[in-house]
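A.B. asks: Sequence first, then the predicted structure:
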Amino acid sequence: MEISLVRKRVRQCIEHAHTSAAARRDANREAAAAWERLLAQAAVPLVQQIAQVLKAEGQAFRVETPAGRVRLVSERSADDHIELALDTTGQVPVVVGAVNRTRGRERVSDEHILASSADERLLEFFTGVLGPFVER
């Protein structure tokens, strides 16, 4: 095979990788800005409301807001929590709901990709995964 053809193809590959990386960085930056707005305006207030309702129902939960995340944590065990965060490690940034629980010595973790981060979808996610935390 001609070295000029090999060189041309390798250069095209490198150029495509640079272009793709720049586009992914831009998409991640835009998604992070949108996520920060959603976090402040919808997700954190929603999780605070959920915690208040749970507290009124005799279930002890608190809200934590580490950088770029919101977490509903059981007062019984800090290892038991439901968390929302933006995952920018893949090709496309996505909102991920992570559920971590302990059952005896066993730790159960599950992740849910939320296709939409609308208020109603966030509430649906929390009410869908909250059952095992409050069934005791």
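C.D. replies: Perfect, thanks for sending it.

A.B. asks: Please enumerate residues in contact with whichever helix or strand E124 is part of?
C.D. replies: Assigned by DSSP states H and E, E124 belongs to helix 119-129. Residues from elsewhere that reach helix 119-129, judged by CB atoms under 8 Å, 6 or more residues apart in numbering: 42-43, 46-47, 50, 72, 82, 84, 97, 99, 110, 112, 114-115. Just so you know, the C-beta spots here come from the backbone N, C-alpha and C atoms, and that holds for glycine as well.

A.B. asks: what's the answer for stretch 68-81, then?
C.D. replies: With CB under 8 Å, 6+ apart as the contact definition, stretch 68-81 has outside contacts at 32, 35-36, 39, 43-44, 47, 50-51, 60-65, 82-86, 99-102, 107, 126, 133.

A.B. asks: Just those residues: which are in helices?
C.D. replies: A32, W35, E36, V44, V47, I50, A51, F126, F133 (DSSP state H).

A.B. asks: you'd agree the fifth one is up against E64?
C.D. replies: Spelled out, that is V47. No. With contact defined as CB atoms under 8 Å, V47 does not reach E64; the gap is 9.3 Å.

A.B. asks: Which one of these two is surrounded by more residues?
C.D. replies: Summary of the neighbour comparison: V47 and E64, criterion other CB atoms under 10 Å, with V47 having more neighbours (24 against 13).
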